[in-house]
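[1] Coordinates for the following, if possible.
(3 chains)
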Amino acid sequence: MLVRADDAGRRTGRIVEVEAYIGATDRASHARFGPTARNRVMYGPPGIAYVYRVYGMYDLLNVVTEPADRPAAVLIRALEPLDGIEAMRAARIAHGRAGAGIGRLPAHRLASGPGLVTAAFGLDRFDTGTDLCDPASTVRIAGPARSVTDDEILASPRIGVDYAAEPWRSIPWRFVIAGHPSASGPSRLR
DNA sequence: GCAAGGATATCG
DNA sequence: GATATCCTTGCA
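    Alright, predicted model coming up:
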C-alpha cells in the first residue's frame, strides 16, 4: 500500500501492478549504463524512492529493492485508490497533463498507470531519495492493504521496453492483479 | 494512429 | 554542444 500524509490529508492506494528491473545485465533497466547521475540511488540501500522523468512529462516511481551496489528496483505501475480520492483528483488536475475529463473520471482510474500514480500522489523526480520505509516520511509504503494469493497474480512481459534485446524484452517481470479495474492500459489488456 | 515534451546518455 | 531516444498518455 502506498501512503501519503500531508497538509492535503491522507492518500492511500493499493499497489495492483508492478514491474521488476534487476541488475546491470537487465537491458531494459536504467542500470544497463552503469552508475550515472540519474540512477545512482539504484546503487544505494533498498527502500529508497527512485523517481525519473520519461517522455518529457511523466515522472515514474520506483523502489530500490536490493542492497548497495546491486542495482535493482520495482516500478509502481498502478494503484487502486483507497483513501483521499478527492486529493488525488485535485493533484491530477493540478498536474494538468491529462485532458479535461479528470473531474468525471471514475475513482478506480485515477492512478491506473505509472505516470498517473505520481500525478495522483503529487510526486516528481525531486522525491528521489525519499526513504519509503521510514514511518516518518511523507510518502511511504505500508503493509499490504489486504493479502494477495499467487493465483490472483498475472505475470507478463514488461511494458514499453521494446528497445531492449531478448530475452529482456520478453521476460515476464510485470506483475498485476489479474483483471483489476485499476491496472494500466486499455481494458482489453487487463 | 500519433503528437506532446524535456531530460538523458552518447557521440563528436 | 548536438542529437536520438525514452520503464507514457489521451485524443484523432
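
[2] Which stretches in chain A count as strands?
    Along chain A, the stretches classed as strands by DSSP state E are A:2-6, A:9-22, A:49-54, A:58-64, A:72-83, A:139-141, A:153-156, A:174-177.

[3] These into TSV, with extra columns for mean neighbour count and distance to residue A:118?
    Where you see a C-beta, it was placed from the backbone N, CA and C, and this is true even at glycine. As requested, the strands of chain A are exported to TSV (neighbours: other C-beta atoms under 10 Å; distance: least, C-beta to C-beta, whole Å):
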stretch	mean neighbour count	distance to residue A:118
strand A:2-6	19	10
strand A:9-22	21	12
strand A:49-54	19	7
strand A:58-64	22	5
strand A:72-83	23	9
strand A:139-141	19	10
strand A:153-156	14	22
strand A:174-177	20	18
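
[4] if I look at residue A:103, how far off is residue A:25?
    Applying C-beta to C-beta, to the nearest Å, the value for residue A:103 to residue A:25 is 45 Å.

[5] tell me which residues form a beta bridge with residue A:12?
    Beta-bridge pairing of residue A:12, defined through DSSP bridges, involves residue A:3, residue A:83.

[6] Also the one 5 residues further on?
    Listed by DSSP bridges, the beta-bridge partners for residue A:17 are residue A:78, residue A:176.

[7] Show me which residues of chain A sit near DNA strand B.
    Contact residues (C-beta under 7 Å from any atom of the strand) of chain A with DNA strand B: A:30, A:33, A:36-39, A:52-57, A:125.

[8] of the residues you listed, buried ones?
    Buried members of the residues of chain A next to DNA strand B, scored by 16 or more other C-beta atoms under 10 Å, are A:30, A:39, A:52.

[9] ok, and the closest non-adjacent residue to the second one?
    The one in question is residue A:39. Counting by C-beta to C-beta, 6 or more residues apart in numbering, residue A:39 lies nearest to residue A:30, which is 4.4 Å off, once chain neighbours are set aside.

[10] Find the residue closest to the residue nearest in space to the middle of chain A in space, skipping its chain neighbours.
    With distances taken as C-alpha atoms, centre = their mean, the residue of chain A nearest its centroid is residue A:76 (1.9 Å). Sequence neighbours aside, residue A:61 is the residue nearest to residue A:76 in space, at 4.7 Å (criterion: C-beta to C-beta, 6+ apart).
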